[in-house]
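Colleague: Requesting a structural model of the entry that follows:
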Amino acid sequence: MTVPIEHPALAAPGLVRHGFFDRSGGVSEGLYGSLNCGYGSNDDTQAVRENRARAAAVFGRTADELCTAYQVHGDVAVTVETAWPHGEAPQADALVSNTPGVVLGILTADCAPVLLADSGNGVIGALHAGWRGALGGIVESTVQAMLALGAQTADIRAVIGPCIGPDSYEVGAEFPAPFLAQDNATERFFRPAPRDGHFLFDLPGYVTHRLARLELSEIATLGRDTYGEEADFFSYRRNSQNGERDYGRLLSAITLES
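Modeller: Next comes the predicted model:
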């Protein structure tokens, strides 16, 4: 059975439903086992569609009502009024909506999925924040798009889902430079790694920092490490280090009740 992880910060019975799905409860096999929801993988297309259908069914919806974008690590947020057919997804790293019944989905495998909701004003959002997108402003673009639909910053709650944890994300010596050039305060998200000349980067901490600057109502994180928790989550970095050429994609989703 497909049962997503929920967080009380987004709990709004009768108004909003959400879930961060782990890798269990699907039909895919091998390195995609079992709830791989990414068409961009080399998994069997019909298996991916069945996995997406199982995830959508948690919200009482069909696979055709589940929207995911062609994610490019950019700063574009798209407003969704109706779901698009498979193969016609726009290039974007965030989706927002005030339309009940549409399920907004984000696909990740180490990057940070963030689900947002202003339940009182009926506006939801979902964003994909890897280091490049977070540095480039995807958090701010998403909240701005939600405000355009009637949300209020003081009423938006955000939860950061499973992503690579601060003890698992080793980066090179050059990595901190663009962060520090933009904001010296980001130095606290880097600490020396065991390997000489390298750092450990706190991605969820940095995304929280970007969200906090917007003065939202509440910001929470699940604190789950996709890299370290192999039994529960897909991880691009873990698979790459193990010599695998592909990886499964985790789904995080949110919808307004109709």
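Colleague: just the strands in this structure please.
Modeller: Secondary structure of the chain (DSSP state E): strands at 16-20, 66-67, 77-79, 94-97, 103-108, 112-118, 123-129, 157-160, 170-171, 190-192, 199-201, 218-221, 250-256.
Colleague: So, low pLDDT: which residues of this structure?
Modeller: Residue ranges of the chain with pLDDT under 70: 1.
Colleague: give me that answer again for 50
Modeller: Residues of the chain that meet the criterion pLDDT under 50 are absent altogether.
Colleague: Report the central residue of it.
Modeller: Pro113 (1.6 Å; C-alpha atoms, centre = their mean).
Colleague: separation between the nearest residue to that residue once chain neighbours are set aside and Phe233?
Modeller: Excluding the flanking residues, the one nearest Pro113 by C-beta to C-beta, 6 or more residues apart in numbering is Ser252, at 3.6 Å. (C-beta placed from N, C-alpha, C; glycine too.) Noted for Ser252: a distance of 11 Å to Phe233, by C-beta to C-beta, to the nearest Å.
Colleague: okay, these two: which has more neighbours?
Modeller: Ser252 (30 against 26; other C-beta atoms under 10 Å).
Colleague: Just list the residues touching the more buried one, thanks.
Modeller: For Ser252, the contact set (C-beta atoms under 8 Å, 6 or more residues apart in numbering) comprises His18, Gly19, Phe20, Phe21, Gly105, Ile106, Thr108, Pro113, Leu115, Ala126, Gly161, Pro162.
Colleague: follow-up on the earlier one: which strand residues bridge the residue nearest to Pro113?
Modeller: Beta bridges link Ser252 to Phe20, Ile106 when assigned by DSSP bridges.
Colleague: I'd assumed Ala173 was in contact with Ile197.
Modeller: Rather than Ile, residue 197 is Gly. Yes: Gly197 sits in contact with Ala173 when judged by C-beta atoms under 8 Å, with a separation of 4.9 Å.
Colleague: What is the neighbour count of the closest residue to Leu147 other than its chain neighbours?
Modeller: In this structure, Leu147 finds its nearest non-sequential neighbour in Thr153, 6.9 Å apart by C-beta to C-beta, 6+ apart. Other residues lying near Thr153 total 14 when counted by other C-beta under 10 Å.
Colleague: which residues touch Thr153?
Modeller: Val143, Leu147, Leu214, Glu215, Leu216, Ser217.
Colleague: 6 Å - rerun?
Modeller: Leu214, Glu215, Leu216 (C-beta atoms under 6 Å, 6 or more residues apart in numbering).
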